[in-house]
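> Kindly generate the corresponding structure for this input.
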Amino acid sequence: MLPIAWIPSGPELWIVVLIIVVLFGAKKLPEIGKSLAEGIHEFKKAAKSAKDEDSDDSKTDTSA
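Reported below is the predicted structural model:
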């Protein structure tokens, strides 16, 4: 049975990190990290907004 998601650990993790550093370069990694963090923040903000909007709709829709 194959695992659903492969999560590297130990030496595998270091190999993945080394490949990323070689591909993108050490100077680009902070920029990539910052962009990912901003994207995650925006996603969470949008998800919370959608959840709040859905909650508001269910409170006002009592005709059903």
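> For the residue nearest the centre of the chain, report the pLDDT, please.
Among the residues of the chain, residue 40 comes closest to the average C-alpha position under C-alpha atoms, centre = their mean, at 5.1 Å. If you check residue 40, the pLDDT there is 94.
> what's the spacing between the helix or strand harbouring it and its chain's center?
In the assignment (DSSP states H and E), residue 40 maps to helix 29-60. Distance, stretch centre to chain centre, for helix 29-60: 10 Å (C-alpha atoms, centre = their mean, to the nearest Å).
> For that helix, buried residues please.
Residues of helix 29-60 classed as buried by neighbour count (16 or more other C-beta atoms under 10 Å): none. No exception for glycine: its C-beta is placed from N, CA and C like everyone else's.
> So which elements touch it?
On a contact count with 3 or more C-beta pairs under 8 Å, 6 or more residues apart in numbering; DSSP states H and E, helix 29-60 meets helix 11-24.
> Show me what the helix it packs on is packed up against.
helix 29-60.
> From residue 30, how far out is residue 22?
Per C-beta to C-beta, to the nearest Å, residue 22 is found 16 Å from residue 30.
> Check residue 6 too.
Residue 6 is 26 Å from residue 30, by C-beta to C-beta.
> Tell me where the model's unsure across the chain.
For the chain, the stretches with pLDDT under 70 are 1-4, 57-64.
> Look up how far residue 25 lies from residue 43.
26 Å.
> Kindly report the same for residue 15.
Applying C-beta to C-beta, the value for residue 15 to residue 25 is 17 Å.
> Please apply the same query to residue 16.
Distance from residue 16 to residue 25, by C-beta to C-beta: 16 Å.
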